[in-house]
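Trainee: coords below, sequence missing:
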């Protein structure tokens, strides 16, 4: 079952440009200085794109209101956001009423140890996934404490299964767990304590 | 004292293209669909840059060897890497023989709650900073367990002071702590247990 955990990527508009930007990010990390590409020319072309975008961009305050309204809320974050080139992006499906799952393959920009996912990237993805599981289960909040345990190195370039489930809600305290698996083995596990409160939205 | 904790950003070559790519990332998140920019044209221009980079990129195995040799090691990661557009980038200075510090301002691509840093991004930055503090102190390894506590929301658009210190080394167990402060207040703190081992480097 694919659910409305996020709004999904649209085929045109900013989402398509973000997809293209992800290709640029990956190709830059892949190239480093081992390339005959005209890097000065590429630098100019990227600045020109940034110039064009910046000259048409809305005021920051207007954009913040837009980001935090309706389906905008799930479109900009650095883990799932179809409007954010930093996001791999991770796309969730529901497993049951308190559990969500995603299958994602990460490339070179997310590297920590050689050919492995950066431990901090695993923490980023798990923090976000635990938070989305809370939303899916019906009671969400902000992270108070997150414990991440690293069991095995997490490979790049292979499908990773990311799971999170809301375990309990006790007053305002929410407890949520999750893990990242590769080839059926748990590489990273997480326990999170969340507090059921929501910072005010821009308006 | 600025130290050789990383190689620093170079004014030309891939580092300059990566700086330009960071502008594109920020401008895309800033724009969303609130723009009159020619997004189809921008999509095509970004794909053309990716095509040019990919057609000149080295084989992956060669690039991996290059990344893990000499100063390449500190040039590609998603926190400090001048070759990685995902990295803010964070730049460290030494405080003492076991402590490092950085001052960084994060923008919209790193957002979690409205106008605040994503909790998982704080975890990513702290994990990396603890690891670099270990290297600076002389005994480093891989993360075994990381506990992150969120005390206050961490603001975007304001200078953050990120600190880490190696607290103890007991056999192969390394204990390291760190925090992110804004306006003198601790927003996020971290405790890490690392194991002094190093995955093999590609060769």
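Mentor: Alright, I've got the coordinates. All figures in this text were calculated on a predicted structure; none of them were measured in a lab. Numbers count the residues shown, from 1 in each chain, chains lettered A, B, ... in the order given.
Trainee: any residue of the helix or strand bottoming out on mean pLDDT in chain A touching chain B?
Mentor: Least confident element among the helices and strands of chain A, by mean pLDDT, DSSP states H and E: helix A:60-67 (a mean of 94). Yes. Using CB under 8 Å from any CB of the partner chain, helix A:60-67 reaches chain B at A:60, A:62-64, A:66-67. For the C-beta atoms, the positions are set from N, CA and C on the backbone; glycine is no exception.
Trainee: which other helices and strands contact the helix or strand that that helix is followed by?
Mentor: Following helix A:60-67 in sequence order, the next helix or strand is strand A:92-96 (DSSP states H and E). Here strand A:92-96 touches strand A:99-104, helix A:119-137, going by 3 or more CB pairs under 8 Å, 6 or more residues apart in numbering or on different chains; DSSP states H and E.
Trainee: any idea of the angle the helix or strand following the longest one forms with strand B:142-150?
Mentor: Going down the chain from helix A:119-137, the next helix or strand is strand A:142-150, by DSSP H and E. In this structure, strand A:142-150 runs at an angle of 170 degrees to strand B:142-150, with axes from the mean of the first three to the mean of the last three CA atoms, to 10 degrees as the basis.
Trainee: buried ones in strand A:142-150?
Mentor: Within strand A:142-150, the residues that count as buried by 16 or more other CB atoms under 10 Å in any protein chain shown are A:142-144, A:146-150.
Trainee: circling back: in the least confident helix or strand of chain A, what's buried?
Mentor: Under 16+ other CB under 10 Å, the buried positions of helix A:60-67 are A:63-67.
Trainee: can you name every helix or strand that that helix contacts?
Mentor: Packed against helix A:60-67, as judged by 3+ CB pairs under 8 Å, 6+ apart, are the following elements: helix B:14-31.
Trainee: and the helix or strand following the helix it packs on with helix A:14-31, angle?
Mentor: Once helix B:14-31 ends, the next helix or strand along the chain (criterion: DSSP H and E) is helix B:39-56. Angle of helix B:39-56 versus helix A:14-31, following the same axes, to 10 degrees, is 20 degrees.
Trainee: next one: helix B:39-56 to chain centre, how far?
Mentor: With CA atoms, centre = their mean, to the nearest Å as the basis, helix B:39-56 stands 25 Å off its chain's centre.
Trainee: quick revisit: and chain B, which of the buried residues of strand A:142-150 reach it?
Mentor: A:142-144, A:146-150.
Trainee: so can I have TSV of those showing distance to residue B:9 and pLDDT?
Mentor: Below are these laid out as TSV (distance: CB to CB, whole Å; pLDDT from 0 to 100):
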residue	distance to residue B:9	pLDDT
A:142	34	91
A:143	31	93
A:144	36	97
A:146	31	98
A:147	34	98
A:148	29	98
A:149	34	98
A:150	30	98
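Trainee: can you pull the contacts of the most centrally placed residue in chain A?
Mentor: Taking CA atoms, centre = their mean, the centroid of chain A lies closest to residue A:79, which sits 0.6 Å from it. Counting by CB atoms under 8 Å, 6 or more residues apart in numbering or on different chains, residue A:79 touches A:87-90, A:124-125, A:128-129, B:118, B:120.
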